[in-house]
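Visitor: Predicted coordinates and the sequence they were generated for:
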Amino acid sequence: MKPKLICGVALALLTFTQSVWAGRPLASDDASTAEAGTCQLESWLERTDSDRALVFAPACGIAKGVELGLDYTRTHPQDRLRALGGVAVKWVPETWRTDTPVGALNFGLKFNAAFERPADAGWRGAETGVLALATLTPSAAWTVHANLGAARERSSGMTATRLNLAVVWMPREDVLLFAETQTNNRPAVFGGTVNTVGGRWWLIKDRLGLDLTAGRETGAGTGTVMTLGFGWYGLDF
């Protein structure tokens with residue numbers, strides 16, 4: 001696996017993809033959490049012309065407005081990197097919600113840590129990060145997400161500012177379409193700007209959905225990254 005693609009996969013997991021806990025199919029995070037006492041499972045296959053990765057990302061609402069998420073990524077080929085993993089906590093207090101002239105506005109915070117397993121070594125820390133989250137809902141059909149935060153890469157010791165922006169459109173109740181961009185101020189370490197479009201088809205509204213995305217990292221030379229996955233929500237525990 002090419003070093004730059006490794007960076008790209010890790011970036012997608014940290015800024016979620018997916019972040020993972022943004023709620024597939026977006027990688028930009030939303031200012032909401034799973035309901036307390038419920039879990040969700042998101043999984044997808046990510047591939048380019050020469051590489052692929054399989055991601056499993058469960059998350060649970062452990063208290064009102066608090067979500068704990070995990071992820072595990074199996075990469076192929078495994079000549080440089082065997083797997084990636086991560087843990088994240090998202091906090092979205094109800095008191096931070098406000099109504100504005102252009103719609104409801106929610107705020108939250110997310111703290112995360114990512115790990116990697118190189119082909120020639122065991123698990124080790126890769127990155128840590130924090131994001132401020134904002135979600136604006138102008139109408140039932142439109143939603144806008146914005147994330148701003150920082151991430152520190154372990155091996156280089158460098159810290160980057162990250163910005164994610166996403167616009168979601170629901171032309172009908174069982175279809176979701178989106179466009180997003182993820183960028184940072186240290187592309188040599190954290191990868192270039194990633195632009196993605198995609199959609200979801202709800203088989204069972206807000207419970208079970210299938211999704212497809214296509215993204216490209218500027219200057220990476222790795223071609224289009226395609227993902228195909230599903231999300232299963234509202235699982236009681």
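Guide: Noted; the coordinates are in hand.

Visitor: List the residues that contact residue 67.
Guide: Going by CB atoms under 8 Å, 6 or more residues apart in numbering, residue 67 touches 21, 33-34, 59-61, 89-90, 92. C-betas here are computed from N, CA, C, even on glycine.

Visitor: wait, I meant residue 118
Guide: Counting by CB under 8 Å, 6+ apart, the residues that residue 118 touches are 80-82, 124.

Visitor: who's it bridged to?
Guide: residue 81 (DSSP bridges).

Visitor: Let me see the mean pLDDT of stretch 93-100.
Guide: The pLDDT scores in stretch 93-100 average 97.

Visitor: circling back: in strands, which of the contacts of residue 67 fall?
Guide: Cross-referencing the contacts of residue 67 against strands under DSSP state E gives 59-61, 89-90.

Visitor: Closest one of these to residue 29?
Guide: Nearest to residue 29, judged by CB to CB, of the ones in strands among the contacts of residue 67 is residue 90 at 7.4 Å.

Visitor: Just give me the neighbour total for the closest one.
Guide: 28 (other CB atoms under 10 Å).

Visitor: Now do the same contact list for residue 143.
Guide: Contacts of residue 143 (CB under 8 Å, 6+ apart): 30, 135-137, 167-168.

Visitor: Mind checking which of these are in strands?
Guide: 135-137, 167-168.

Visitor: can you map out the strands along this structure?
Guide: 38-47, 52-63, 66-76, 81-91, 98-100, 103-118, 124-137, 142-153, 159-172, 175-184, 194-204, 208-217, 225-236.

Visitor: okay if I get those strands as a markdown table plus distance to residue 25?
Guide: Formatted as a markdown table, those follow (distance: least, CB to CB, whole Å):
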| stretch | distance to residue 25 |
| --- | --- |
| strand 38-47 | 8 |
| strand 52-63 | 12 |
| strand 66-76 | 15 |
| strand 81-91 | 18 |
| strand 98-100 | 27 |
| strand 103-118 | 18 |
| strand 124-137 | 16 |
| strand 142-153 | 13 |
| strand 159-172 | 10 |
| strand 175-184 | 7 |
| strand 194-204 | 5 |
| strand 208-217 | 4 |
| strand 225-236 | 7 |
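
Visitor: and the two most separated of the contacts of residue 67?
Guide: Taking CB to CB as the measure, the contacts of residue 67 have their most distant pair in 60 and 92, spaced 14.3 Å apart.

Visitor: re earlier: and which of the ones in strands among the contacts of residue 67 is nearest residue 111?
Guide: For these, the nearest to residue 111 is residue 89 (5.2 Å; CB to CB).

Visitor: neighbours of that closest one, just the number please.
Guide: Residue 89 has 16 nearby residues by other CB under 10 Å.

Visitor: wouldn't it be in contact with residue 110 here?
Guide: Yes. Taking CB atoms under 8 Å as the definition, residue 89 is a contact partner of residue 110 at 7.1 Å.
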